[in-house]
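>>> Build me a model:
(4 chains)
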2 protein chains.
Amino acid sequence: MTRLDPAARREQILAATLRLVARDGFARVTLRDVAAEVGVVHGLIRHYFPTREQLVAAAFDAAVLAELEDDEEVAERVEPVEALADWLTSTPREHYLVWIDAWSEAPRNPELHAALTRHHRDCERRLSRIIERLDQAGLGTSADPASDARMLTALADGIAVQHHAIGIVSREDADRVVFTAAEERLGIVPGTLERSRPTAVRGQWATNTGA
Amino acid sequence: MTRLDPAARREQILAATLRLVARDGFARVTLRDVAAEVGVVHGLIRHYFPTREQLVAAAFDAAVLAELEDDEEVAERVEPVEALADWLTSTPREHYLVWIDAWSEAPRNPELHAALTRHHRDCERRLSRIIERLDQAGLGTSADPASDARMLTALADGIAVQHHAIGIVSREDADRVVFTAAEERLGIVPGTLERSRPTAVRGQWATNTGA
DNA sequence: TAACGTGTTATCCATGTGGACAAGAAGGGG
DNA sequence: CCCCTTCTTGTCCACATGGATAACACGTTA
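Got it, this is the predicted structure:
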C-alpha cells in the first residue's frame, strides 16, 4: 500500500478495527484480520500499536469519542422533545454491537471498563440535561432528572439488546417501548416523541478510504 | 482422574465450562482450560463433546435449562407480589455475566441465538403471567401484560448491565430502579416490592464435585 | 478369571496467533 | 544531489489452540 500520512493511517486502522469488533467481537479480532481489512501487512499494525491490547483499547476509545463528537452545543439548541427522541433512538446498530460486546469484556479488561464507565456517565449526564430542559420548558415533569435518566438509559440499553442482539423486537416496537416509558415517566403527552422521531440515521464508521 | 459415570462426568464438564464462560467469555474458553478446571486431560473433553462449538452450545443450553428449572408450579403458588419481586431480582451474578456474553455472541452464533431467543421468550412469558395474576388479585393493573413484561424485562437487563458489567450502580440502587418502575407501571403501591425483596440468593453452578 | 467395552491418558500434528526483526521504499531537508 | 527519517514489507519464531490417534486402565459380564 502506498505510503500514507501517519495520522490518516492510524485512523484508518482504528476504523477497520471497530468494524471488525462489531462483526467478530473484541476477543476474536486478530492483527492479521485488521491488516487484511486495511490492506496492509500485519507487521504494520504493530508499527502504530505496539500490542493488540493497546490497539483494541485505542479503538474503543475512538468509538466512545466518535459517539460524543456530535456537538453538545447543537443538542442544546434543538427543542428538548426532539433532543429526547433523538437520544433515545439514534445509536446506529454497529455502535450498539460494540457496546454490547464491551459490556461482556468490561469485567476482565480494566481499560475498556474505565472507558465504558466514562461513556455511560456521559450518556446519563446528557440525558439528564435534556430532562431538566424538558421540565423547565413545562413540557414534562421530573422530580429527579438523574434517576429518570438512569432508568431510561437502562431501558434503552435493554431494549437495544432485544432488538440488535436477539432480534426479538422490531425497530418500531423498540422505539415505542422507550417512547411510551419516557412519556409516562416524564409526564409528556403520549405520542409526542413518536412524532419527533428523527428521520436521519447517524453515520457508521468510515470504510477503507482513509481521511 | 478416577473413572466416572458418563452422565456425571458430562454434567461436571458442562458446569466447569459455564464457570469459565462466566469468567472469560465464550470466545476465550479453550478445551484445555475446561480440562484443567475439571482436572482431566484435554483429550477427554473431546470424548464427550466432538467439537468445541458443540461443547459451548451444550453448556449454554444447560444454563438456560438450569435457569428455568426452579419449578414454575411453585412460582404459581406464591403471592404474585412476592413472585414479581423475585423475578425482578433473583438472577445470580454468574448467570447474568453469561447472558451478557451470550448477547454479544448471538449475532454470529445461530445455535446460541436460538437458545437465547427461547430463553428470552420464556422469561417474558413468565413475567407476563405474574402480571396477569397481580391484576386478577387486584394488587395492580395492566392493560397489556405482554407489553409491560417486555418493558420490565428490558429494564431489568439494562440495569443488570449497569450493575454487573459496568458496576456503576449498587445492588440496592439497581433493585430500587426496577421496583420503582414496576410499581409505577403496574399501579402497585410504592414500597410494596421493596418489602417483598427475596432474602435467599439462587444457587450458582456446581463446583468440581460432580453429581 | 479372562475377555471386552469404554473411560482416560499421553502424544502428535497442522494451523493460527502475537510479536520480533531486518531489509526495502518513499518522501523531506540539508 | 544525497542522506536520513520512518513508513512499509516480508519473513521468522515461540507458543497455544483444536483436533486426531494409539496405548492404557478400570469396571462389567460371561
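>>> pLDDT (mean, whole number) over stretch A:151-164?
Throughout stretch A:151-164, pLDDT has a mean value of 98.
>>> Output that stretch as PDB, nothing but the C-alphas.
Taking Å, rounded to 0.1, in the frame of the first residue of the first chain, the C-alpha atoms of stretch A:151-164 are listed here in PDB:
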ATOM      1  CA  MET A 151     -33.800   4.400  34.400                       C
ATOM      2  CA  LEU A 152     -34.300   5.400  30.700                       C
ATOM      3  CA  THR A 153     -30.700   4.700  29.900                       C
ATOM      4  CA  ALA A 154     -31.100   1.200  31.300                       C
ATOM      5  CA  LEU A 155     -34.300   0.700  29.400                       C
ATOM      6  CA  ALA A 156     -32.800   1.900  26.100                       C
ATOM      7  CA  ASP A 157     -29.900  -0.500  26.600                       C
ATOM      8  CA  GLY A 158     -32.100  -3.400  27.500                       C
ATOM      9  CA  ILE A 159     -34.400  -2.800  24.500                       C
ATOM     10  CA  ALA A 160     -31.400  -2.500  22.300                       C
ATOM     11  CA  VAL A 161     -30.300  -5.900  23.300                       C
ATOM     12  CA  GLN A 162     -33.700  -7.300  22.500                       C
ATOM     13  CA  HIS A 163     -33.600  -5.500  19.100                       C
ATOM     14  CA  HIS A 164     -30.000  -5.700  17.900                       C
END
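>>> tell me what the helix or strand bottoming out on mean pLDDT in chain A is packed against?
Between all helices and strands in chain A, the lowest mean by mean pLDDT, DSSP states H and E belongs to helix A:72-77, at a mean of 78. On a contact count with 3 or more Cβ pairs under 8 Å, 6 or more residues apart in numbering or on different chains; DSSP states H and E, helix A:72-77 meets helix A:110-136. No exception for glycine: its C-beta is placed from N, CA and C like everyone else's.
>>> Any residue of the helix it packs on touching DNA strand C?
No. Residues of helix A:110-136 contacting DNA strand C under Cβ under 7 Å from any atom of the strand: none, with a closest distance of 13.9 Å.
>>> Also stretch A:48-61?
Yes. Shown here: stretch A:48-61 in contact with DNA strand C (Cβ under 7 Å from any atom of the strand) through A:50-53.
>>> in the least confident helix or strand of chain A, what counts as buried?
In terms of neighbour count (16 or more other Cβ atoms under 10 Å in any protein chain shown), helix A:72-77 has its buried residues at A:Ala75.
>>> so A:Arg28 makes contact with B:Ala27?
Yes. Shown here, A:Arg28 and B:Ala27 form a contact pair, counting by Cβ atoms under 8 Å, at 5.4 Å.
>>> More neighbours: which of these two?
Each of A:Arg28 and B:Ala27 has its neighbours counted (other Cβ atoms under 10 Å in any protein chain shown); B:Ala27 has more, 21 against 16.
>>> care to break chain A down by domain?
A:6-59, A:70-195 (automatic domain parsing).
>>> Quick one: end-to-end distance for stretch A:128-144.
Terminal residues of stretch A:128-144 are spaced 9 Å apart (Cα to Cα, to the nearest Å).
>>> any bit of that stretch sitting next to chain B?
No. Residues of stretch A:128-144 contacting chain B under Cβ under 8 Å from any Cβ of the partner chain: none, with a closest distance of 10.2 Å.
>>> neighbouring contacts of that stretch?
Stretch A:128-144 is contacted from outside by A:75-76, A:80-81, A:83-84, A:87, A:145-146, A:148-149, A:186-188, A:192, using Cβ atoms under 8 Å, 6 or more residues apart in numbering or on different chains.
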